[in-house]
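In: need a structure here:
(one chain, ligands or ions: 1)
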Amino acid sequence: MPAVVLVGAQWGDEGKGKATDLLGGEVDYVVRYQGGNNAGHTVVIGDQKYALHLLPTGVLSPDVVPVIGNGVVIDPGVLLSEIDGLQERGISSDRLLISASAHLIMPHHKALDKVTERYLGKARIGTTGRGIGPAYGDKIARMGIRVQDLLDPGILGKKIEIALHEKNQVLTKVYNRRGIDPAKVLDEYLGYAERLKPHIADTSLILNRALDQDKVVLLEGGQGNLLDIDHGTYPFVTSSSPTSGGACVGSGIPPTRLTRVIGILKAYTTRVGSGPFPTELTDEMGEWLRTTGGEYGVTTGRDRRCGWFDAIIARYATRINGVTDFFLTKLDVLSGLERIPVCVAYEVDGARYDEIPMTQTDFHHAKPIYEELPGWQEDITEAKTFDDLPKNAQNYVRTLEELSGAPISAIGVGPGRTQTLSLRPLI
Ligand code: IMP
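Out: The predicted model follows:
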């Protein structure tokens, strides 16, 4: 009954899409368990590039059942256009299952996400503006509207009215925006309901039964460890739990059934949006990493902030998620450097820290302590095994592994499906 979790070990964008897709051939179900269309996975198959936001990557493999778990917040308009976009390219989403308990992103969530960010000014979080935070806020406040409400037009209408009764006051009186017409929203969402109905299911039941039958379930997190609402760099985080604990809550699969936790770790570090980032490079080296690594957001197109590998963060991901294996991505991006700095500790106000400081204030002041490793000049994108890598690249990987506290079991050396070195099986 293998239930394998994939989590981003940094601030997201580590290349999870490639890992999920790589395992796709071996798995029966791929489940998104949190987040929404704030995420962005790029998968390259042959000369085709697919950018997925809400659909689990499993949708690209014909033998896999893609599942949107209860922990996800769904913008149904976006989901349907993603489904239609794939259909135009000959990829069917007919197998897609959507948890009846997942929450819906409503027009007022999107309106509030944009306007609250604007009001925060310099203190803004840098959200993707997709309504994620307000949708999760309403979920926790027990004011949310769920996928199952699409099946009952009476309830749906009532819930929209109740929500807008309050939200329209906020939009008009606090933020000086136009109110939203409940009748129009109901009409729009009933249209979505028609198309989504065949996909709505009790996904926890289906997944647990699948595990009973020894099927392989892959749980795919969006974002990453440091964007977790509890364990991330709060408040510069997303409003859900990408960490492995969140995989259980967001899918209805109990912790005792998880068999592997794979941390996706980029060979350097990036983050989007505001918040602390000790190894960030704001000079031409950062620009070089951004250009060479193609570090631009899949969802928003924003420049990603770039910096050297931070071993403290990787070790933290091992601790919080119980990482059993790392998938190291984008090693090829570092080819051509003379020396590669790796952050091994922080200095905060004269004191050395080997772990993430307890407070955000200290984390904001953390300065990286680097060890420099020798680089390699060779192109590694054609490497097929670990032994094909230049000695210095092997040494870089081994050092990262030692510092991060879990074995590196796969290495990405290029964006293509075949450009992965497997050191040990991941399932
Ligand atoms: P939200 O998830 O749109 O509320 O944004 C909150 C924070 O999470 C912002 O800093 C975003 O840039 C960041 N974020 C959300 N989704 C992703 C992602 O898929 N990759 C990287 N950062 C993300």
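
In: need the pLDDT of the closest residue to the ligand within the stretch 251-400 of the chain.
Out: As assessed by CB to the nearest ligand atom, the ligand sits closest to Gly273 within the stretch 251-400 of the chain, at 2.2 Å. Where you see a C-beta, it was placed from the backbone N, CA and C, and this is true even at glycine. Looking at Gly273, its pLDDT is 89.

In: what ranges do the helices span in the chain?
Out: Counting by DSSP state H, residue ranges of the helices within the chain are 16-23, 76-88, 107-120, 132-140, 153-169, 182-196, 203-212, 244-249, 284-293, 311-321, 360-365, 391-404.

In: the fifth one packs against which elements?
Out: In other words, helix 153-169. Counting contacts by 3 or more CB pairs under 8 Å, 6 or more residues apart in numbering; DSSP states H and E, helix 153-169 packs against helix 107-120, helix 182-196.

In: show me what counts as buried in that helix.
Out: Leu156, Gly157, Lys159, Ile160, Ala163, Leu164, Lys167, Asn168 (16 or more other CB atoms under 10 Å).

In: of those residues, closest to Ile356?
Out: Of all those, Ile356 sits closest to Lys167, with 36.4 Å by CB to CB.

In: from memory the closest one sits against Arg177, does it?
Out: No. Judged on CB atoms under 8 Å, Lys167 makes no contact with Arg177 at a distance of 10.2 Å.

In: residues touching Glu188, list them.
Out: By CB atoms under 8 Å, 6 or more residues apart in numbering, the contact set of Glu188 is Gly77, Pro107.

In: look up how far the ligand lies from it.
Out: According to CB to the nearest ligand atom, to the nearest Å, Glu188 stands 22 Å off from the ligand.

In: give me the number of residues near Tyr253?
Out: Rather than Tyr, residue 253 is Ile. Neighbourhood size, Ile253 [other CB atoms under 10 Å]: 25.

In: use 51 as the first number from now on
Out: In the new numbering, first residue 51, that becomes Ile303.

In: so who does it touch?
Out: Ala53, Ser254, Leu257, Asn258, Leu261, Val267, Leu269, Ala297.

In: so for the residue nearest to Arg82 when sequence neighbours are not counted, what's the pLDDT?
Out: Nearest non-adjacent residue to Arg82, counting by CB to CB, 6 or more residues apart in numbering: Pro106, 4.7 Å away. Predicted confidence (pLDDT) for Pro106: 91.

In: looks like Pro106 contacts Pro116 (just checking).
Out: Yes. Counting by CB under 8 Å, Pro116 is a contact partner of Pro106 at 4.1 Å.

In: the two: which is more packed in?
Out: A direct count of neighbours by other CB under 10 Å for Pro106 and Pro116 places Pro106 higher, at 28 against 24.

In: where does that one fall, phi/psi-wise?
Out: According to degrees, to the nearest 10, the main-chain angles of Pro106 amount to phi -60, psi 150.

In: which ones are touching it?
Out: Per CB under 8 Å, 6+ apart, neighbours of Pro106: Thr70, Val80, Val81, Arg82, Pro116, Val117, Ile118, Glu270.

In: list the contacts for the residue most central in space within the chain?
Out: What sits nearest the mean C-alpha location of the chain, by CA atoms, centre = their mean, is Gly272, with 2.0 Å. If you count contacts by CB under 8 Å, 6+ apart, Gly272 has them with Gly58, Gly62, Lys66, Arg82, Gln84, Gly85, Gly86, Asn88, Ala89, Thr288, Pro292.

In: on that earlier part again, can you lay out the helices and strands packed on helix 203-219 as CSV showing mean pLDDT?
Out: Formatted as CSV, the helices and strands packed on helix 203-219 follow (pLDDT from 0 to 100):
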stretch, mean pLDDT
helix 157-170, 95
helix 232-246, 98
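
In: which of these is buried the deepest?
Out: With neighbours defined as mean count of other CB atoms under 10 Å, the helices and strands packed on helix 203-219 peak in mean count at helix 157-170, which reaches a mean of 19.

In: relative to helix 182-190, how tilted is that one?
Out: 120 degrees (axes from the mean of the first three to the mean of the last three CA atoms, to 10 degrees).

In: and helix 157-170, what does it pack against?
Out: helix 182-190, helix 203-219.

In: now the angle between helix 157-170 and the last one, please.
Out: Computed by the same axes, to 10 degrees, the angle separating helix 203-219 from helix 157-170 equals 20 degrees.

In: and for Val197, the neighbour number?
Out: 25.

In: who's in contact with it?
Out: Contacts of Val197 (CB under 8 Å, 6+ apart): Ile124, Ile148, Ser149, Ala150, Ser151, Ala152, His153, Leu154, Leu246, Ile250.

In: which residues does the fifth one contact?
Out: Contacts here follow CB under 8 Å, 6+ apart; on that basis Ser151 touches Asn120, Arg196, Val197, Gln198.

In: that'll do, ta.
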